[in-house]
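Enquirer: fold the stuff below for me.
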Amino acid sequence: MGMLDGRTAVITGAARGIGFEIARTFIDAGARVMIGDIDDEAGAAAVAELGGEDVVRYRRCDVRDGSAVEAVIDAAEDAFGPLGVFVNNAGVTRDATMRKMTEEQFDEIIAIHLKGTWNGTRAAASRMREHGGGAIVNLSSISGKVGLVGQTNYSAAKAGIVGLTKSAAKEVAFAGVRVNAVQPGLIRTAMTLAMPQHVWDEKMAEIPMGRAAEPAEVANVVLFLASDLSSYMTGTVLEITGGRHI
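Expert: So this is what the prediction gives:
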């Protein structure tokens, strides 16, 4: 039996990148997955690549809009049954030094990452309470632990997700709903591989294990937190960094 057999999962921002790999991992573990994203073309391609609508569906969802988050959960439950797992993964970057960052760039990142995670956590926890429990996993970042130059917006949002996770975990633990977070470090994705070589080299020099992570290595930790293997864990933050910034 798979670790998520019979469970319905919603993953935001899963049309590509780390979210897509989480979706693949969940499906392999027996879950049925609803992808919420704003890239319709990538969403359709993801459904086709991951096995079709018997195991995965796509619905457009801007996580800044609480009603859109509720709608994607409705769609998941209509297609596959009661919500059991929710992963708040959607995100973008708008990097700039504080002097050059615009107010709009700051507000956009806070809205997508922090408010979006609040919208997802709030809506998912409400459904899971009705069903007798569930697991929520929030994607923070090592940037939320240490702060990175050029990321006052992103670091603030990702640090906020840690506080949100811990507060929400305390509020809903009595109802069997667990809320945990992960903090990935340098992950080998199309976005990070586009970095200038000197920036990549600087980051690599900080990693005791001497390599970047593959998206599947993040997905496996998220699977652990979504499954019964972590049944006595809530409010925790797991770093996936190869030892960077320990």
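
Enquirer: excluding chain neighbours, what is closest to residue 63?
Expert: Nearest residue to residue 63, sequence neighbours excluded (CB to CB, 6 or more residues apart in numbering): residue 116, at 3.2 Å. Where C-beta positions appear, they are placed from N, C-alpha and C, glycine not excepted.

Enquirer: worst-scoring helix or strand of this protein, pLDDT-wise?
Expert: None of the helices or strands of the chain scores lower by mean pLDDT, DSSP states H and E than helix 190-193, at a mean of 83.

Enquirer: output that one in PDB, but only the C-alpha positions, please.
Expert: C-alpha atoms of helix 190-193 as PDB (Å, rounded to 0.1, in the frame of the first residue of the first chain):
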ATOM      1  CA  ALA A 190      15.200  25.800 -14.000                       C
ATOM      2  CA  MET A 191      15.100  29.000 -12.000                       C
ATOM      3  CA  THR A 192      18.200  28.300  -9.900                       C
ATOM      4  CA  LEU A 193      20.200  26.900 -12.800                       C
END
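
Enquirer: any chance you could list what contacts that helix?
Expert: The contact list for helix 190-193, computed with CB atoms under 8 Å, 6 or more residues apart in numbering, reads 17, 93, 186, 200, 212.

Enquirer: tell me which helix or strand comes right after it.
Expert: helix 197-204 (DSSP states H and E).

Enquirer: quick one: mean pLDDT over that following helix.
Expert: Here helix 197-204 scores 92 as its mean pLDDT.

Enquirer: ok, and what's touching the next helix or strand after it?
Expert: As assigned by DSSP H and E, the chain's next helix or strand after helix 197-204 is helix 215-226. If you take CB under 8 Å, 6+ apart as the criterion, helix 215-226 is touched by 3-4, 9, 17-18, 20-22, 24-26, 29, 85, 87, 135, 137, 178, 180, 182, 184, 187-189, 230, 233, 236, 238, 240.

Enquirer: so what secondary structure elements neighbour the helix or strand where the residue nearest to residue 63 lies?
Expert: According to DSSP H and E, residue 116 maps onto helix 116-131. Contacts defined by 3 or more CB pairs under 8 Å, 6 or more residues apart in numbering; DSSP states H and E place helix 116-131 against strand 8-12, helix 66-80, strand 83-88, strand 134-139, helix 152-172, strand 177-184.

Enquirer: any idea of the angle it forms with strand 8-12?
Expert: On the basis of axes from the mean of the first three to the mean of the last three CA atoms, to 10 degrees, helix 116-131 is oriented at 170 degrees to strand 8-12.

Enquirer: okay, the angle between helix 116-131 and strand 134-139?
Expert: Inter-element angle recorded for helix 116-131 and strand 134-139: 170 degrees (by the same axes, to 10 degrees).

Enquirer: can you list the buried residues in helix 116-131?
Expert: By neighbour count on 16 or more other CB atoms under 10 Å, the buried set for helix 116-131 is 116-125, 127-128, 131.

Enquirer: returning to what we had before: need the contacts of helix 190-193 in CSV with distance to residue 46 and neighbour count, can you?
Expert: Shown next, in CSV, are the contacts of helix 190-193 (distance: CB to CB, whole Å; neighbours: other CB atoms under 10 Å):
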residue, distance to residue 46, neighbour count
17, 10, 19
93, 21, 16
186, 24, 20
200, 27, 15
212, 23, 19
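
Enquirer: got TSV for those residues, with distance to residue 100 too?
Expert: Shown next, in TSV, are the contacts of helix 190-193 (distance: CB to CB, whole Å):
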residue	distance to residue 100
17	26
93	14
186	24
200	22
212	27
